[in-house]
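> Got a predicted structure plus its sequence, pasted below:
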Amino acid sequence: MKRLLITSIVLLFSSSFLIAQTPCVVCDDSYAVPGASTIGTNNNAQGGRSIILGSFSQTLSTGNFSIAIGSRVKAMAGKCVAIGSGISSDYMFVNHMQESLMVGFNSNLSTFFVSMSEGFNRTGRVAIGNVVNQYGQMDPLAKLHLRADEGEDAAIYVQPHNWLEGDGAGLALGDMSHGISAMKDKGLIFNTSSSYNFNGGLIKYGMDAREGSVLLCTDSEGTAVWAQLEMPAPSPWLTSGTNDIYFSAGKVGIGTINTYGYELAVLGKILADEVMIKHPVDWGDYVFKPEYKLMPVNELAAFVKLNSHLPGVPSEKEVSENGYGLAQMNEILLKKVEELTLYIIQQQEMLQKQQDEINKLKEVIY
């Protein structure tokens with residue numbers, strides 16, 4: 001029994017080896033080297049372990065483990081797959097790229113191409129059109145690379161099932177931070193979290209005249225308008241040099257990167273025709289109200305002698321260390337002018353009273 005089992009295993013492996021070395025050819029006028037297979041007419045499978053399904057198709061000796069499916073299709077590279085149809089025997093549809101997929105019909109070039117990946121946990125790239133490099137090799141430069149033929153627009157048309165309101169009614173390209181989307185109720189939307197760059201090109205706005213449409217942004221003859229963008233000169237915005245404009249978190253510095261918490265900080269002089277200040281300060285007119293208590297002159301003199309500045313006015317030390325608010329200082333100065341006016345009025349009333357008493361004494365004497 002044991003000898004019979006061993007003999008059966010040997011015969012099984014021997015038959016598998018013999019079958020693998022025998023070409024599998026189905027239909028007339030086809031040929032396959034040992035180990036290759038072909039189903040169809042007028043096929044020629046020269047590649048080891050290659051397979052042909054179709055007619056008038058080939059796998060070359062350089063196309064081991066390749067697959068050709070279709071009519072007048074040729075697989076030239078190892079482990080490649082060619083699917084489609086060529087134009088004639090002189091212009092066959094050819095895949096000459098190692099470990100890749102090419103699909104094309106009625107052409108010698110592929111319409112759809114999938115490259116080999118770089119290995120484990122990696123994926124290949126997809127090309128639509130004749131995306132070739134300077135050496136004539138298919139070489140997509142991105143995960144999806146589209147190239148139009150001569151005289152053809154390289155266009156992508158993506159159409160939703162419908163434009164009804166609700167979820168899934170729009171199109172999206174990119175992500176929520178950077179992308180283009182289209183919605184029925186909002187039109188075309190450009191999303192960006194940084195800036196729009198047009199590289200000195202032209203932007204067309206408006207609609208071409210067509211039946212049932214409304215003409216917008218057109219010239220006097222009703223044609224759409226082209227607008228030339230004037231590209232700005234390089235800006236120092238967002239730089240941090242001491243002689244540049246600095247911007248950070250809503251704060252702007254000119255000539256300085258330290259804004260000290262203010263919305264605008266300028267290191268240097270400011271020239272302006274007019275400065276308008278709108279600040280909620282208590283204007284000094286309350287000094288003229290009857291209930292306002294004016295400091296007596298003798299107390300004022302004592303304060304000035306002791307502190308070397310007026311009451312309510314910041315000292316030289318305070319200003320040098322902290323600066324001063326222009327609106328606040330204007331209010332303080334106005335208050336002092338109005339207090340000074342009250343002192344003058346008091347002095348004038350006192351002088352007038354004294355003059356009246358002098359005039360009465362003169363009348364008595366004379």
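Here it is on my side, so go on. All values derive from a computational prediction rather than experimental measurement.
> Low-confidence stretches in the stretch 51-200 of the chain?
For the stretch 51-200 of the chain, applying pLDDT under 70 flags the ranges 160-173, 176, 186, 196-200.
> For the protein, which segments count as helices?
Along the chain, counting by DSSP state H, helices occupy 2-21, 297-307, 316-322, 326-365.
> For residue 180, find the nearest of the ones you listed.
Nearest to residue 180, of all the helices of the chain, is helix 326-365, at 46.9 Å by CB to CB. All C-beta spots, glycine's among them, are computed from the backbone N, C-alpha and C.
> Now do that closest one, average pLDDT.
For helix 326-365, mean pLDDT is 87.
> Need the helices of the chain in JSON lines (columns: mean neighbour count and distance to residue 252).
Output for the helices of the chain, formatted as JSON lines (neighbours: other CB atoms under 10 Å; distance: least, CB to CB, whole Å):
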{"stretch": "helix 2-21", "mean neighbour count": "9", "distance to residue 252": "77"}
{"stretch": "helix 297-307", "mean neighbour count": "11", "distance to residue 252": "37"}
{"stretch": "helix 316-322", "mean neighbour count": "10", "distance to residue 252": "21"}
{"stretch": "helix 326-365", "mean neighbour count": "12", "distance to residue 252": "18"}
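> Those helices into JSON lines, with extra columns for distance to residue 291?
Compiled in JSON lines, these are given as follows (distance: least, CB to CB, whole Å):
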{"stretch": "helix 2-21", "distance to residue 291": "115"}
{"stretch": "helix 297-307", "distance to residue 291": "19"}
{"stretch": "helix 316-322", "distance to residue 291": "29"}
{"stretch": "helix 326-365", "distance to residue 291": "13"}
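> Okay, domains of the protein per the record?
Split into domains by automatic domain parsing, the chain comes to 2-146, 169-196, 238-271, 275-359.
> how far does the shortest one sit from the chain's center?
In other words, domain 169-196. Averaged C-alpha coordinates place domain 169-196 at 11 Å from its chain's average position (CA atoms, centre = their mean, to the nearest Å).
> Please apply the same query to stretch 91-99.
38 Å.
> what do you get for stretch 126-139?
Stretch 126-139 sits 28 Å away from the centroid of its parent chain (CA atoms, centre = their mean).
> Then stretch 290-309?
With CA atoms, centre = their mean, you get 64 Å for stretch 290-309.
> could you dump it to PDB, C-alpha only?
Coordinates of each C-alpha in stretch 290-309 appear next as PDB, following Å, rounded to 0.1, in the frame of the first residue of the first chain:
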ATOM      1  CA  PRO A 290     -21.600 122.900  38.900                       C
ATOM      2  CA  GLU A 291     -21.000 119.800  41.000                       C
ATOM      3  CA  TYR A 292     -17.300 119.500  39.800                       C
ATOM      4  CA  LYS A 293     -14.900 120.300  42.700                       C
ATOM      5  CA  LEU A 294     -11.900 122.300  41.400                       C
ATOM      6  CA  MET A 295      -8.800 121.900  43.500                       C
ATOM      7  CA  PRO A 296      -7.900 125.000  45.400                       C
ATOM      8  CA  VAL A 297      -4.900 126.900  44.000                       C
ATOM      9  CA  ASN A 298      -2.900 126.500  47.200                       C
ATOM     10  CA  GLU A 299      -3.400 122.700  47.200                       C
ATOM     11  CA  LEU A 300      -2.500 122.600  43.500                       C
ATOM     12  CA  ALA A 301       0.700 124.500  44.200                       C
ATOM     13  CA  ALA A 302       1.600 122.100  47.000                       C
ATOM     14  CA  PHE A 303       1.000 119.000  44.700                       C
ATOM     15  CA  VAL A 304       3.100 120.500  41.900                       C
ATOM     16  CA  LYS A 305       5.900 121.300  44.300                       C
ATOM     17  CA  LEU A 306       5.900 117.700  45.700                       C
ATOM     18  CA  ASN A 307       5.400 115.700  42.500                       C
ATOM     19  CA  SER A 308       6.700 118.000  39.700                       C
ATOM     20  CA  HIS A 309       3.600 117.300  37.500                       C
END
